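Student: curious how this folds, go ahead:
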Amino acid sequence: MGKKRVLIVDDDSRNIFALVNTLKAKSYDCLSCLSAEEALKILKEDSSIDAVLIDMMMPEMDGYEAIPLIKEIPSQESTLVIAVTAQAMAGDREKCLQAGADAYISKPVDVDKLLQILEEI
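Tutor: From the prediction side, this is the model:
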């Protein structure tokens, strides 16, 4: 199997930059976009994505709305969806998992924890 492909969805380009650099250093192939709408378009066209890291708080369509739509895409049924949130408030993890996320991680992202989650795919 080749490099694992990860789509990073965040409305803050600084977060994308940091995550892409971190994951590329660990031999992941990264794609990124600034909105959930763009992520859905990418996921409908590209069935080779192994995981999606999605920011839960974005304008227009947030992660809570986007995750169920991602899971409805036939080619993405087994894609790992990781919810990323800066809130880290009580109940956030459960709310993300109820929305359909497979895993949850808070910002600032614990790189070791993220890599452990990604190694499971």
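Student: hey, what's Cys33 bridged with?
Tutor: Judged by DSSP bridges, the bridge partners of Cys33 are Val9.
Student: neighbours of it, just the number please.
Tutor: Cys33 has 19 neighbours, counted by other C-beta atoms under 10 Å. For the C-beta atoms, the positions are set from N, CA and C on the backbone; glycine is no exception.
Student: if I look at it, how far off is Leu118?
Tutor: For Cys33, the distance to Leu118 equals 18 Å [C-beta to C-beta, to the nearest Å].
Student: which residues touch the longest helix along the chain?
Tutor: Longest helix in the chain, counting residues (DSSP state H): helix 13-25. With C-beta atoms under 8 Å, 6 or more residues apart in numbering as the test, helix 13-25 has contacts from 6, 8, 10, 30, 32, 34, 53, 55, 107, 109, 111, 114, 118.
Student: any idea which helix or strand carries the residue nearest in space to the middle of the chain?
Tutor: What sits nearest the mean C-alpha location of the chain, by C-alpha atoms, centre = their mean, is Leu53, with 1.2 Å. Taking DSSP states H and E as the definition, Leu53 sits inside strand 51-55.
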